[in-house]
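Asks: Model the structure of this input:
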Amino acid sequence: MSDIPRRAAARTAKLAALPLGFAGRTALGLGKRAVGIASDVISADIQQRTAEQLFSVLGQLKGGAMKFGQALSVFEAALPEEMAGPYRQALTKLQEAAPPMPVASLHKALAEQLGDDWRDKFGEFDDSPAAAASIGQVHRATWKLKPARKNARPKTIPVAVKVQYPGAGDALLADLKQLGRMAGMFKIIQPGIDVKPLLAELRERITEELDYAMEAETQRAFASAYAGDEEIFVPQVIAEAPRVLVTEWVEGTPLAKVITDGTVEERDEAGRLMALLHFSAPARAGLLHADPHPGNFRMLPDGRLGVIDFGAVARLPGGHPEPVGRMVRLALDGDAQGVVEGLRDEGFIAADAEIDAEAVLAFLRPMIEPVAVDEFRFTRAWLRGEATRLSSPRSPAYQLSRKLNLPPSYLLIHRVTLGSIGVLCQLEAEAPYRSILEEWLPGFAPVS
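Replies: Numbering: from 1, shown residues only. Purely as a prediction, here's the structure:
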């Protein structure tokens with residue numbers, strides 16, 4: 001396949017085919033109902049066919065379509081178990097693979113970004129991509145270091161070279177605009193997820209993700225914060241340009257493989273380290289890694305969690321918001337009125353809204369179950385239960401949720417936290433999450 005399809009007509013035609021196919025499958029379902037086939041069988045069949053077509057097209061298009069597919073993929077654990085298998089396969093393909101750009105286009109991009117002498121900077125360069133993502137692909141290479149002595153042979157180090165797809169910016173914007181018109185399809189696959197806010201938030205971050213020089217600055221901040229750390233590894237930035245980024249190579253087992261093939265102990269440890277990164281990074285770096293899909297993490301041979309791809313971050317110079325930790329602690333302590341007051345102060349509840357404080361506490365307690373005990377095992381069943389509780393119109397939790405707001409300042413934190421929980425449930429990981437929050441989440445530690 002060539003570069004990202006840049007003609008609006010070609011890209012729109014592929015995306016527009018999705019709801020047409022969905023409409024046809026829905027009509028087929030109505031026909032089967034007329035002849036007496038069970039509705040749950042029909043629904044499962046429609047879900048599976050819709051998902052297969054949806055993620056196939058997203059993966060082919062790259063750009064915003066694939067970026068959205070990756071963001072959605074972390075919620076896979078919330079799917080009913082009998083439906084999760086086919087989706088998991090399609091989502092894993094989105095996380096780790098996409099058709100490469102032609103070699104001629106690759107070399108042209110490298111020359112434009114690193115100079116016509118770009119080959120002289122590398123000892124070796126593999127034209128076949130080692131990995132592909134939503135807006136760029138990664139190549140394995142070796143980078144020449146400046147020799148310490150004159151006339152000495154330069155040493156080389158293994159590096160990852162991320163090269164942005166030509167036309168990625170236009171593709172991102174076009175795809176996300178088109179996908180915004182297809183919310184109904186995603187409701188079939190994930191009834192508990194409202195994709196419109198997710199798409200809006202992704203659009204806001206496009207500019208940052210397209211600027212690799214900005215990403216390099218962010219990665220340097222993370223690398224400095226975790227320099228010498230025994231549990232988290234962030235590769236050093238070697239060189240950067242607006243559309244090319246060269247960093248240390250990270251050798252390890254992809255988190256997606258740990259999810260599918262890891263032992264219980266390996267999955268537990270990966271989950272603990274993921275939670276540690278999520279809560280410690282804002283305190284240590286003033287930043288939150290905002291793209292928690294499994295393709296961005298590796299388990300290193302020495303047991304550390306390797307973190308890659310820093311294009312999407314939330315800037316939290318004061319760490320995680322203190323009111324979050326304080327309200328979770330109040331909820332654990334059973335202080336319903338204190339929780340409501342905190343939610344009202346932060347804008348989650350309108351100033352003039354009448355609301356039952358005990359009902360709010362009952363609404364929140366299942367969500368904070370993972371930190372109500374010394375150790376908690378995240379499971380797909382737990383997440384499915386929560387998704388059902390919060391999305392069923394007959395549920396009291398659903399009715400109450402309609403009275404709550406999500407302030408704009410919390411939108412990205414909320415999305416990343418949900419995504420991280422989705423990954424923990426994919427891992428089915430057990431760890432002492434409460435102790436991690438007590439150390440790293442402002443306002444959460446009990447007052448002694």
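Asks: got a pLDDT number for residue 135?
Replies: On pLDDT, residue 135 comes in at 79.
Asks: What distance do you get for the closest residue in space to it that isn't next to it in sequence to residue 365?
Replies: Among residues not flanking residue 135 along the chain, residue 168 sits closest, at 4.3 Å (CB to CB, 6 or more residues apart in numbering). C-beta here means a position set from N, CA and C on the backbone, and glycine is covered the same way. Relative to residue 365, residue 168 is positioned 43 Å away (CB to CB, to the nearest Å).
Asks: More neighbours: the two, which one.
Replies: It is residue 168, of residue 168 and residue 365, that has more neighbours when counted by other CB atoms under 10 Å, with 23 against 13.
Asks: that's a strand at residue 142, yeah?
Replies: Yes. Counting by DSSP: H, G, I helix; E, B strand; the rest coil, residue 142 is found in a strand.
Asks: Could you give the number of residues near residue 443?
Replies: 18.
Asks: Same question for residue 367.
Replies: For residue 367, the neighbour count with other CB under 10 Å is 15.
Asks: Ok, the one 5 residues further on next?
Replies: With neighbours defined by other CB under 10 Å, the count for residue 372 comes to 14.
Asks: And residue 119, by the same measure?
Replies: Quick note: residue 119 (other CB under 10 Å) scores 13 neighbours.
Asks: Just confirm it contacts residue 125, I think it does.
Replies: Yes. Using CB atoms under 8 Å, residue 119 is in contact with residue 125, at 7.0 Å.
Asks: does residue 170 count as helix, strand or coil?
Replies: Under three-state DSSP, residue 170 falls in the helix class.
Asks: right, and the residue nearest to residue 135 touches residue 211 too?
Replies: No. Under the criterion of CB under 8 Å, residue 168 is not in contact with residue 211, lying 11.4 Å apart.
Asks: Residue 258 should be in a strand, yeah?
Replies: No. Remark: residue 258 does not belong to a strand; assigned using three-state DSSP, it is helix.
Asks: Nearest spatial neighbour of it, chain-adjacent residues omitted?
Replies: What sits nearest to residue 258 in space, not counting adjacent residues and going by CB to CB, 6+ apart, is residue 270, at 5.1 Å.
Asks: cool, residue 393 as well?
Replies: Spatial nearest neighbour of residue 393, chain neighbours left out: residue 399 (7.9 Å); criterion: CB to CB, 6+ apart.
Asks: Check which helix or strand the one you found maps to.
Replies: If you go by DSSP states H and E, residue 399 is part of helix 396-401.
Asks: So for that helix, mean pLDDT?
Replies: Mean pLDDT, computed over helix 396-401, is 86.
Asks: Against which helices or strands is that helix packed?
Replies: helix 357-364, helix 380-391 (3 or more CB pairs under 8 Å, 6 or more residues apart in numbering; DSSP states H and E).
Asks: run the last query once more with 6 Å
Replies: helix 357-364 (3 or more CB pairs under 6 Å, 6 or more residues apart in numbering; DSSP states H and E).
Asks: what does the helix it packs on contact?
Replies: Residues outside helix 357-364 that contact it (CB atoms under 6 Å, 6 or more residues apart in numbering): 331, 336, 337, 339, 340, 397, 400.
Asks: Okay, and the first one sits in which element?
Replies: So that's residue 331. Assessed by DSSP H and E, residue 331 sits inside helix 322-332.
Asks: In the stretch 101-250 of the chain, where is pLDDT below threshold?
Replies: 133-134, 171-206 (pLDDT under 70).
Asks: what about the strands in it?
Replies: Secondary structure of the stretch 101-250 of the chain, counting by DSSP state E, counting those that start in this stretch: strands at 122-125, 131-132, 136-144, 156-164, 232-233, 237-241, 244-248.
Asks: Using JSON lines, please lay out these together with mean neighbour count and distance to residue 392.
Replies: Compiled in JSON lines, these are given as follows (neighbours: other CB atoms under 10 Å; distance: least, CB to CB, whole Å):
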{"stretch": "strand 122-125", "mean neighbour count": "16", "distance to residue 392": "53"}
{"stretch": "strand 131-132", "mean neighbour count": "20", "distance to residue 392": "38"}
{"stretch": "strand 136-144", "mean neighbour count": "20", "distance to residue 392": "40"}
{"stretch": "strand 156-164", "mean neighbour count": "21", "distance to residue 392": "42"}
{"stretch": "strand 232-233", "mean neighbour count": "20", "distance to residue 392": "38"}
{"stretch": "strand 237-241", "mean neighbour count": "19", "distance to residue 392": "47"}
{"stretch": "strand 244-248", "mean neighbour count": "23", "distance to residue 392": "44"}
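Asks: Tabulate these (JSON lines), appending distance to residue 288.
Replies: Shown next, in JSON lines, are the strands of the stretch 101-250 of the chain (distance: least, CB to CB, whole Å):
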{"stretch": "strand 122-125", "distance to residue 288": "33"}
{"stretch": "strand 131-132", "distance to residue 288": "23"}
{"stretch": "strand 136-144", "distance to residue 288": "22"}
{"stretch": "strand 156-164", "distance to residue 288": "21"}
{"stretch": "strand 232-233", "distance to residue 288": "14"}
{"stretch": "strand 237-241", "distance to residue 288": "19"}
{"stretch": "strand 244-248", "distance to residue 288": "20"}
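Asks: Outline the domain layout of this protein.
Replies: 8-97+170-191, 253-448 (automatic domain parsing).
Asks: looking at those, which has the lowest confidence?
Replies: Least confidently modelled of these is domain 8-97+170-191, at a mean of 52 by mean pLDDT.
Asks: ok, back up a step: could you give me the buried positions within the helix holding residue 331?
Replies: By neighbour count on 16 or more other CB atoms under 10 Å, the buried set for helix 322-332 is 323, 324, 325, 326, 327, 328, 329, 330, 331, 332.
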